[in-house]
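1. Turn this into a structure:
(chains A and B)
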Amino acid sequence: MSAPSTTPRAAATNSVWPRLEPLLPQVSKPIQYVGGELGAVVKDWDAATVRWALMYPDAYEVGLPNQGVQILYEVLNELPDTLAERTYAVWPDLENLMRTHGVPQFTVDAHRPVRDFDVFGISFSTELGYTNLLTAIDLAGIPLLAADRTDADPVIVAGGHAAFNPEPIADFIDAAVLGDGEEAVLEITAIVREWKAEGSPGGRDELLLRLARTESVYVPRFYDVDYLPDGRIQRVVPNRADVPFRVHKRTTMDLDAWPYPKKPLVPLAETVHERYAVEIFRGCTRGCRFCQAGMITRPVRERSITTVGQMVREGLEFSGFSEVGLLSLSSADHSEIGDMCSGLAEQYEGTNVSLSLPSTRVDAFNIDLAQELSRNGRRTGLTFAPEGGSERIRKVINKMVSKEDLIRTVVTAYTNGWRQVKLYFMCGLPTETDADVLEIADMAHEVIKAGRAATGSKDIRCTVSIGGFVPKPHTPFQWAPMERPEVIDHRLKILKQAINSDRSLGRAIGYRYHDGEPSLIEGLLSRGDRRVGSVIRRVWENGGRFDGWSEHFSYQRWVDAAAETLPAFGVDLDWYTTRQRDELEVLPWDHLDSGLDKDWLWQDWQDSLSEFEQDDCRWTPCFDCGVCPSMDTEIQIGPTGKKLLPLTPIKGLKTPTA
Amino acid sequence: MPIAFSQGFTPHPKISYASAAPTGVASEAEYLEIGLQAPVDPEALRAALDAALSPGLDVLDAVIADGGSLPDRIQASHWHIELPEIDPAVLRAAVDAFTAAEEVLVERMTKQGRRTFDARAAVMSIDVLASTPTPSGAAAVPCAILELVVRQVTPSVRPDDVLSGLRVVADLEPPVSPRVTRLAQGTLTAQGAIVDPLDADRDGAAIVGH
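-> Residues are numbered from 1 along each chain as shown, chains lettered A, B, ... in the order given. Below you'll find the model as predicted:
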């Protein structure tokens, strides 16, 4: 028998692989740390001028499918002199081994130490990733506090939706970018490239200053926060001559010019989504008042039907995925969604490709689209999101759908063959009472009754799924008080009893919910200021990791850390969460410009309290939210009038090229 | 590639792995069967699969399976086990004790729970090798090397089971993780040699209409 024939894989320059590999047999799911996925890129370290480590601060299985990271990874790696690699949060089992054996936070692509990179970019979809940020910085051997870092450390840049209020992590990051990342990373790369070419004049401070001067990169250290005696913020002001008073978000216009991801990553390990996802538009003007994503991504910018068709074709050819997700904040609103769905359904009829559309709009049109997409016989689930149980609360949150419309829509789904639909609601909304929540039970009962009557069958079900409301910055609810977890949990309990009060109907209704406690902590982090950084640090020091995972999240750890650190500032957990802000209070993110006019937001908050609804500017005249004029942007929508043409079947085998 | 799918509500691609190496183990000889919807040139298939897989996962050969299932052709497996920081003489003594035993009961967690089974009977040969440059390329530290040929049985006896067996009979405790490589697996000849399981189909091409 001969000796092994193939050579072991050559370790890249500065790779930690030889030290990491022996640890992998001792940890769970080691494949998540190996890299080498289809779509992954490993470039020559020495040939690159600007080097980015990109992180999604959660486990690989959650982080790999993240669109934002995949897009930036591809955009950056397309630059000849730039290299981007990915890193994810390591599970505690590997973290412990890495600490014992001195292995630093590494990238999965070439297993290089994160500290060796020029820029360490972290994308936050949720604030619950903050403790994982600290783990990564610490494992990387980078000082936790930005103030303690030297020229040998990368510049740590936060992005993603949570970066619209990065104040709670202001001590730990060097910079934050608000808004769309595609062009922002190119601009940052250009600044780093130029600064390095000049011999890195002025060191780290100069580089950060150059970034801050763009007016679209927020560098917390260049701003001082003063507080009033009662704990509120007095003002936030620049402490350097030429940094801007306000930092503006980035908006990428013309999505057809940015058709990423072109080469989606295909994981070897199991991940939460295994599909080719294409954003069919960005932005949303439906104006749901709880929805931060809808507020901060304005205006609506559609990708045309032809670009979507091309992306789907090329993305599937490259990746071999058999599922396509047509993503956006409200996909049924695309001006060409009908032709897009029927065109794609036709193109992939008879294949194993399945198409899906996140369906939150509550109307029959949604069912027509779902019907088109299930031509291949595979029915994806139907979800409707009335969000609020009573008509009154739906006016408060500006989710305009009547009970009759909802019931009619769900019944249409049943009569069209769906046996199961999911209804999504929130609990803890501003002005909410027990009665508002109990109406969810009535609605579910009526849905089942009407469904049984229409289909003549008892074999229909619905699932009521409840999420906790968290007020977010840059939304009309940024001033709103949160409800206490005990109240939320009580409402969830009486709702359950109400659903089951009729045994026959209750049996046909599934019920899923989240406890109130994690939402309160998310609320602390989302509307926190720089003082909340001390809570995050204490929680992390006490072992807080993976706070988005219920099995790792500890409410008590957060409550204790808040009680230990916040009184020194004269504030507490309630002050950040259950307190109502008034109109003139300086909010921690007021110097960060999402384009929304604060007066308009306040007016919308007042309209909400008087249950006055706001239309969608996609179909009605502008209502002056402020984004387009202040950001110099405009709505970009179709229809283009184009159609998707039938595909020519691919001859022969498709061999992916790197 | 035109992979075939199972029937049913959630169709799965038709792929079956025969006697896959455990997680954390290197291998030079893994085999799998793929069901296709249409005939494909095996070499084109090999190249396409190889291009799609990670560096280090090399697809070496593909043949059209004309008869006999793959699991039936996997009768034995040949393993190479590096045991860093173990004195070869100590390993030799442990191996002698193992070979002398009629039966060596070991325990392992399986999907069905904890199972106890004999790790001895399936072992056809177990030899201590003179130390040579290590295939894994790890730095030269004292290292004992074990070569093992194990018959495919149920439950399967894996290299870690044999190492457990060495612990049972001789208290052998590797101080660091052993590095295990599967060198070959396949059909057993009467002489005890392992034959590439794809050979049957390479030769089979000449056997018309069987």
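
2. mind listing what the closest residue to chain B within the stretch 251-400 of chain A touches?
-> Ranked by Cβ to the nearest Cβ, the top residue of the stretch 251-400 of chain A for proximity to chain B is residue A:352, at 5.6 Å. All C-beta spots, glycine's among them, are computed from the backbone N, C-alpha and C. Applying Cβ atoms under 8 Å, 6 or more residues apart in numbering or on different chains to residue A:352 gives the contacts A:322, A:376, B:5, B:11.

3. Compute the mean per-residue pLDDT across stretch A:607-618, please.
-> Average pLDDT, stretch A:607-618: 93.

4. so where's chain B shaky on pLDDT?
-> B:131-141, B:203-210 (pLDDT under 70).

5. swap the cut-off to 50 and go again
-> Applying pLDDT under 50 to chain B flags the ranges B:204-210.

6. Which positions within stretch B:168-175 qualify as buried?
-> For stretch B:168-175, the buried set under the neighbour-count rule, 16 or more other Cβ atoms under 10 Å in any protein chain shown, comprises B:168, B:169, B:170, B:172, B:174.

7. Sorry, slip of the keys, the one I care about is stretch A:263-274.
-> Buried, per 16+ other Cβ under 10 Å, within stretch A:263-274: A:263, A:264, A:265, A:266, A:267, A:268, A:271, A:273.

8. repeat for stretch A:98-118
-> Applying 16+ other Cβ under 10 Å to stretch A:98-118 flags A:98, A:103-118 as buried.

9. which ones are touching residue A:472?
-> Contacts of residue A:472 (Cβ under 8 Å, 6+ apart): A:290, A:292, A:478, A:526, A:527.

10. out of the buried residues of stretch A:98-118, which are inside helices?
-> Counting by DSSP state H, the buried residues of stretch A:98-118 place residue A:98 in helices.

11. sorry, back to before: out of the contacts of residue A:472, which is nearest to residue A:368?
-> Nearest to residue A:368 out of those is residue A:290 (Cβ to Cβ; 27.4 Å).

12. For the closest one, grab the count of nearby residues.
-> 26 (other Cβ atoms under 10 Å in any protein chain shown).

13. Please name the residues that touch it.
-> Applying Cβ under 8 Å, 6+ apart to residue A:290 gives the contacts A:387, A:397, A:426, A:429, A:469, A:471, A:472, A:475, A:477.

14. quick one on the thing from earlier: let's see the pLDDT reported for the residue of the stretch 251-400 of chain A closest to chain B.
-> Residue-level pLDDT assigned to residue A:352 equals 82.

15. does residue A:230 sit in a helix, a strand or a coil?
-> coil (DSSP: H, G, I helix; E, B strand; the rest coil).

16. Neighbours of the nearest residue to it once chain neighbours are set aside, how many?
-> For residue A:230, ignoring the flanking residues on the chain, the nearest one in space by Cβ to Cβ, 6 or more residues apart in numbering or on different chains is residue A:570 at 7.5 Å. By other Cβ under 10 Å, 13 other residues sit near residue A:570.

17. And residue A:570, how close does it get to residue A:559?
-> Per Cβ to Cβ, to the nearest Å, residue A:570 is found 18 Å from residue A:559.

18. repeat for residue A:160
-> Residue A:160 sits at a distance of 26 Å from residue A:559 (criterion: Cβ to Cβ).

19. between the two, who's got more neighbours?
-> residue A:160 (23 against 17).

20. which residues of chain B fall in strands?
-> B:15-18, B:26-27, B:31-34, B:76-84, B:105-110, B:113-118, B:123-129, B:143-151, B:179-188, B:194-195 (DSSP state E).

21. dump the residue contacts of the closest residue to chain A within chain B.
-> Closest residue of chain B to chain A, Cβ to the nearest Cβ: residue B:54 (3.1 Å). Contact analysis of residue B:54 by Cβ under 8 Å, 6+ apart lists A:34, A:35, A:36, A:37, A:38, A:268.

22. From these, pick the one nearest residue B:20.
-> The closest of the contacts of residue B:54, once distances to residue B:20 are taken by Cβ to Cβ, is residue A:268, at 13.9 Å.

23. returning to that earlier point: filter the contacts of residue A:352 to the buried ones?
-> By 16+ other Cβ under 10 Å, the contacts of residue A:352 give A:322, A:376, B:11 as buried.

24. Out of the residues you listed, flag the one nearest to residue A:590.
-> Nearest member of these to residue A:590, counting by Cβ to Cβ, is residue A:322, at 46.9 Å.

25. okay, the closest one: pLDDT?
-> For residue A:322, pLDDT reads 88.

26. The closest residue to it other than its chain neighbours sits in which helix or strand?
-> Nearest non-adjacent residue to residue A:322, counting by Cβ to Cβ, 6+ apart: residue A:352, 4.8 Å away. Residue A:352 belongs to no helix or strand when assigned by DSSP states H and E.
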